[in-house]
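Visitor: Here is a sequence with its predicted model. Questions after.
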Amino acid sequence: MPGEHLSPAELAAREGVSLATVYEWNYRGTGPRYFRPAGGSNGAARYRLVDVEQWERDRLVSQEPVGRAR
């Protein structure tokens with residue numbers, strides 16, 4: 001179904017980073033989970049949208065209010 005998977009370029013655009021950064025994430029294992037479709041002509045990675053959304057949630061930072069200085 002269209003929209004369920006992102007290409008590396010689509011992931012880069014979504015995250016506001018360069019395509020090189022996405023490839024670096026893949027190399028280092030720090031980006032969202034991905035797969036390579038069987039029989040794909042170029043073997044390019046694909047990212048399931050649900051995995052990208054989970055990866056984004058996992059990266060959320062909660063900030064506690066800073067106490068007053070004494």
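Guide: Thanks, I have it.
Visitor: Can you tell me the element Ala20 falls in?
Guide: Under the criterion of DSSP states H and E, Ala20 resides in helix 19-28.
Visitor: and that helix, what does it pack onto?
Guide: helix 8-15 (3 or more CB pairs under 8 Å, 6 or more residues apart in numbering; DSSP states H and E). Any C-beta I mention is one placed from the backbone N, CA and C, and that applies to glycine too.
Visitor: Let me see the residues that make contact with the helix it packs on.
Guide: Helix 8-15 has contacts (CB atoms under 8 Å, 6 or more residues apart in numbering) with 6, 18-19, 21-23, 26, 31-32, 44-45, 47, 52.
Visitor: again, but for stretch 44-59
Guide: By CB under 8 Å, 6+ apart, stretch 44-59 touches 3-8, 10-11, 14, 26, 31-37.
Visitor: Which among the residues you listed count as buried?
Guide: 5-6, 8, 10-11, 26, 31-32, 34 (16 or more other CB atoms under 10 Å).
Visitor: For Leu60, state which of these is nearest.
Guide: Of all the buried ones among the contacts of stretch 44-59, Pro32 has the smallest distance to Leu60: 14.1 Å, by CB to CB.
Visitor: how about the nearest residue to that closest one, chain neighbours excluded?
Guide: Closest residue to Pro32 apart from its sequence neighbours, by CB to CB, 6 or more residues apart in numbering: Trp55 at 3.7 Å.
Visitor: Sweet, I'm off.
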